[in-house]
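Chemist: Show me how the following folds:
(2 chains)
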Amino acid sequence: MSELTPSQTVGPFYAYGLTPKGRAKWDPDGTYSWKETVGDNLITPDVVGDRIRIEGAIYDGDGKPIPDAMLEIWQADGQGRYANAPGSRERSNAAFKGHGRSACDKDGVFSFDTVKPGQVAGPNGALQAPHIVVAIFGRGMLRQVYTRLYFDGEAANATDPILALVPAERRDTLMAKKQGNVWRWDVHMQGDKETVFFDV
Amino acid sequence: MSLVLPRDGLSAYPKHLTPAYKSTVKRSPTKPLILMPHTLSEMTGPIYGHDAIQDNDNDLTKQGKGEPLGERIIVHGHVLDEDKRPVPDALVELWQANACGRYVHLVDQHPAPLDPNFTGAGRTVTDKAGYYKFITIKPGAYPWGNHYNAWRPNHIHFSVFGHSFLSRLVTQMYFPGDPLFPFDPIFNSVPDERDRARMIASFDMENTVPDWALCYRFDIVLRGRDKTPEDMD
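Modeler: Alright, predicted model coming up:
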């Protein structure tokens, strides 16, 4: 018998509570302004590492953009250290939280400004390839789905223990691709290009 | 070394695909999820301290120029882990409809009035005992388009952080005895009645404030535990 409080959908109206300054245009005339706690820009003045921008869109089973989804990311800093990790090495960029949240706009578009994460330990002590953990919430999603964003072309992808669990023909769904100054990464909930989601 | 979190408690969660809630049909994975071990990336998570919030962020009746309309209530409880240990410093965010069942979100255009003194958003951080408290207005029921004459039971949306990114929970708090329970596919997406019961606040007479507000208690149990077993593989 479980003791957990069950998960429920964020519904279509989460934006004024969770992403009041984000992409969702929930309050066009600014009547109900509200402060933001978790935003889509993770850059802090003390941040160390390669600054990157991630952009993408999320699509449903008909290939239509999902305008009321929300993505949260969790990542290590540029040197492969998680904020708050027990026993973590001393971090000089203590303000960098490694956590971000992006609402989607009417075209299903989300974005994050952050740094490219360093490598962190995997299940057997070997290093994982640089990656970002992603949880996706939305109307029609009774619980979050978990996936991962990897960086296309990264040599360490070849030995990443989690990527190794994914059938080779589906790994591409986890790869952000460099397009100009942006890492492009789309999410497909269903269909031929269905993103790999993990059972965690 | 790997760190593992129990998965069996997840039986209380709804299935991604729950056709009675129509929006799940095109938005739930169709391919099997890939089972993976928990790594440092899953077993860590953000912590938001008290600097993340400001005075009165937990009092939704004090965000406007005047007092909002409706039935003032206190909603409080503890955030706990799977061992029922308190989760301190947990960011708890909530959002809800006003007393008439209307959200301030632009997309909600159903014919019920907005309240200029009520946004319906609040946040707080749990104390050392995992305790949180909000003062708000009892939200109204509202219609939605899922099926003919569909109405959501009164509810408050909660978003909670715990020990790890896997503890992350978004849920809804319901009110005891709601006559709409049997008709709501979102509430009933949780298959077991005993699990659904944990989404229903209890009426807390002891902590009502005479001449001022009724009170509801809502404890929230997250995945994870403070002392995580480590296996040796």
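Chemist: show me what contacts B:W95?
Modeler: A:F13, A:Y14, A:Y16, A:G17, A:L18, B:Y103, B:G120, B:A121, B:G122, B:I156, B:H157 (C-beta atoms under 8 Å, 6 or more residues apart in numbering or on different chains). C-beta: built from backbone N, CA, C; applies to glycine.
Chemist: Longest strand in chain B, please.
Modeler: Criterion DSSP state E: the longest strand present in chain B is strand B:72-80.
Chemist: pLDDT, neighbour count and secondary structure added to the contacts of B:W95, as CSV?
Modeler: Putting those into CSV (pLDDT from 0 to 100; neighbours: other C-beta atoms under 10 Å in any protein chain shown; DSSP: H, G, I helix; E, B strand; the rest coil) gives the following:
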residue, pLDDT, neighbour count, secondary structure
A:F13, 95, 23, coil
A:Y14, 95, 27, coil
A:Y16, 92, 21, helix
A:G17, 94, 25, helix
A:L18, 95, 26, helix
B:Y103, 95, 28, coil
B:G120, 96, 29, coil
B:A121, 96, 24, strand
B:G122, 97, 25, strand
B:I156, 98, 25, strand
B:H157, 98, 25, strand
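Chemist: Of those, just say which sits nearest to B:Y48.
Modeler: A:L18 (12.8 Å; C-beta to C-beta).
Chemist: Tell me the spacing between the residue nearest the centre of chain B and A:M70.
Modeler: Taking C-alpha atoms, centre = their mean, the centroid of chain B lies closest to B:F158, which sits 2.5 Å from it. Separation of B:F158 from A:M70 (C-beta to C-beta, to the nearest Å): 15 Å.
Chemist: returning to that earlier point: columns distance to A:D105 on top of the contacts of B:W95, output as TSV?
Modeler: Formatted as TSV, these follow (distance: C-beta to C-beta, whole Å):
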residue	distance to A:D105
A:F13	15
A:Y14	14
A:Y16	15
A:G17	17
A:L18	15
B:Y103	18
B:G120	22
B:A121	20
B:G122	25
B:I156	26
B:H157	21
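Chemist: from those, which is closest to A:K193?
Modeler: A:Y14 (25.9 Å).
Chemist: what about the helix or strand A:L71 falls within, distance to the chain center?
Modeler: If you go by DSSP states H and E, A:L71 is part of strand A:69-74. Chain-centre distance of strand A:69-74: 5 Å, with C-alpha atoms, centre = their mean, to the nearest Å.
Chemist: which strands and helices sit next to it?
Modeler: For strand A:69-74, the elements it packs on are strand A:99-103, strand A:109-115, strand A:131-138, strand A:141-151, judged by 3 or more C-beta pairs under 8 Å, 6 or more residues apart in numbering or on different chains; DSSP states H and E.
Chemist: Adjacent strands (with direction) for that strand?
Modeler: With DSSP bridges as the test, strand A:69-74 is paired with strand A:99-103 (antiparallel), strand A:131-138 (antiparallel).
Chemist: Including distance to B:T24, could those strands go into CSV?
Modeler: Below are these laid out as CSV (distance: least, C-beta to C-beta, whole Å):
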stretch, distance to B:T24
strand A:99-103, 20
strand A:131-138, 10
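Chemist: and those strands as CSV, adding mean neighbour count and mean pLDDT?
Modeler: Listed next are those as CSV, based on neighbours: other C-beta atoms under 10 Å in any protein chain shown; pLDDT from 0 to 100:
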stretch, mean neighbour count, mean pLDDT
strand A:99-103, 24, 97
strand A:131-138, 24, 98
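Chemist: Determine which of these approaches A:G122 most closely.
Modeler: Comparing those by C-beta to C-beta, strand A:131-138 comes nearest, at 10.1 Å.
Chemist: residues in contact with the closest one?
Modeler: Applying C-beta under 8 Å, 6+ apart, the contact partners of strand A:131-138 are A:9-10, A:14, A:54, A:58, A:66, A:68-75, A:104, A:114, A:117, A:144-151, A:160, A:162, A:187, B:27, B:41-42, B:165, B:168, B:170.
Chemist: Could you list the low-confidence segments of chain B?
Modeler: B:1-4, B:226-233 (pLDDT under 70).
Chemist: you'd agree A:R53 is up against A:V115?
Modeler: No: the pair A:R53 and A:V115 does not pass the contact test of C-beta atoms under 8 Å, sitting 10.6 Å apart.
Chemist: higher neighbour count, the two?
Modeler: Ranked by neighbour count (other C-beta atoms under 10 Å in any protein chain shown), A:R53 and A:V115 place A:V115 first, with 22 against 16.
Chemist: Could you find the closest non-adjacent residue to the more buried one?
Modeler: Nearest non-adjacent residue to A:V115, counting by C-beta to C-beta, 6 or more residues apart in numbering or on different chains: A:G49, 3.7 Å away.
Chemist: doesn't A:T173 fall inside a strand?
Modeler: No: under DSSP: H, G, I helix; E, B strand; the rest coil, A:T173 sits outside any strand and is assigned helix.
Chemist: which ones are touching it?
Modeler: Taking C-beta under 8 Å, 6+ apart, one finds A:H188, A:K193, A:E194, A:T195, A:V196 in contact with A:T173.
Chemist: Give me the subset of these lying in helices.
Modeler: Among those, no residue falls in helices (DSSP state H).
Chemist: I'd like to know which of the residues you listed are buried.
Modeler: A:H188, A:E194, A:T195, A:V196 (16 or more other C-beta atoms under 10 Å in any protein chain shown).
Chemist: Wait, the second one touches B:P29, no?
Modeler: Yes: taking contacts as C-beta under 8 Å, A:E194 lies within contact range of B:P29: 6.7 Å.
Chemist: ok, back up a step: near chain B, which of the contacts of A:T173 show up?
Modeler: A:E194, A:V196 (C-beta under 8 Å from any C-beta of the partner chain).
Chemist: Among the contacts of A:T173, which ones are in strands?
Modeler: A:H188.
Chemist: could the contacts of A:T173 be laid out in JSON lines, adding pLDDT?
Modeler: Below are the contacts of A:T173 laid out as JSON lines (pLDDT from 0 to 100):
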{"residue": "A:H188", "pLDDT": "98"}
{"residue": "A:K193", "pLDDT": "97"}
{"residue": "A:E194", "pLDDT": "98"}
{"residue": "A:T195", "pLDDT": "98"}
{"residue": "A:V196", "pLDDT": "98"}
